[in-house]
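**Student:** dropping a prediction and its sequence here:
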Amino acid sequence: MDAPMKFVQILDFETDRIDEMRELAQQQEESMAARSGGPTHRLVLKDRNQPNRYFAVIEFDSYDEAMANSDHPDTTKFAEQMAALCTKPPTFTDCDVVDVTEFK
């Protein structure tokens, strides 16, 4: 049987309250530390051409783990609080990881 495919969710969001967003993300990380099956990596990017636009790339070990995480009440609460800090509704893109290359 094949190993589960890694899964990435990309959040595209705009905010003029990035410091509050970082604080909220830190609180979420602390609450997730005690539970299993959450994200394995997070990368936050700032768009150089559009002020206040950001992308968060969240990696999970599998699609199933990502969906279980999405269904958790803490994640729902975080998403609501995050949306309140955004200047427009965030968008989510779900991706299966098909290839990874590490450059040294």
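**Tutor:** Right, received. Where do you want to start? Values in this document were obtained by computation on a predicted structure and should not be read as measured data.

**Student:** now do the helices in the chain.
**Tutor:** 18-32, 63-71, 73-85 (DSSP state H).

**Student:** just give me the neighbour total for the residue nearest to T93 when sequence neighbours are not counted.
**Tutor:** Here the nearest residue to T93 in space, its sequence neighbours aside, is I10; by Cβ to Cβ, 6 or more residues apart in numbering that works out to 4.3 Å. All C-beta spots, glycine's among them, are computed from the backbone N, C-alpha and C. As a burial measure, I10 scores 15 neighbours (other Cβ atoms under 10 Å).

**Student:** what do you get for R53?
**Tutor:** 16.

**Student:** quickly list what it is bridged to.
**Tutor:** Beta-bridge partners recorded for R53 (DSSP bridges): E14.

**Student:** okay, the closest residue in space to D47 that isn't next to it in sequence and P89: tell me how far apart.
**Tutor:** Spatial nearest neighbour of D47, excluding adjacent residues (Cβ to Cβ, 6+ apart): R53 at 3.9 Å. When distance is defined by Cβ to Cβ, to the nearest Å, R53 is 13 Å away from P89.

**Student:** go on, H41?
**Tutor:** From H41 to P89 the distance is 24 Å (Cβ to Cβ).

**Student:** then M32?
**Tutor:** M32 is 23 Å from P89, by Cβ to Cβ.

**Student:** the more surrounded of the two?
**Tutor:** For M32 versus P89, the count of surrounding residues by other Cβ under 10 Å is larger for M32: 17 against 9.
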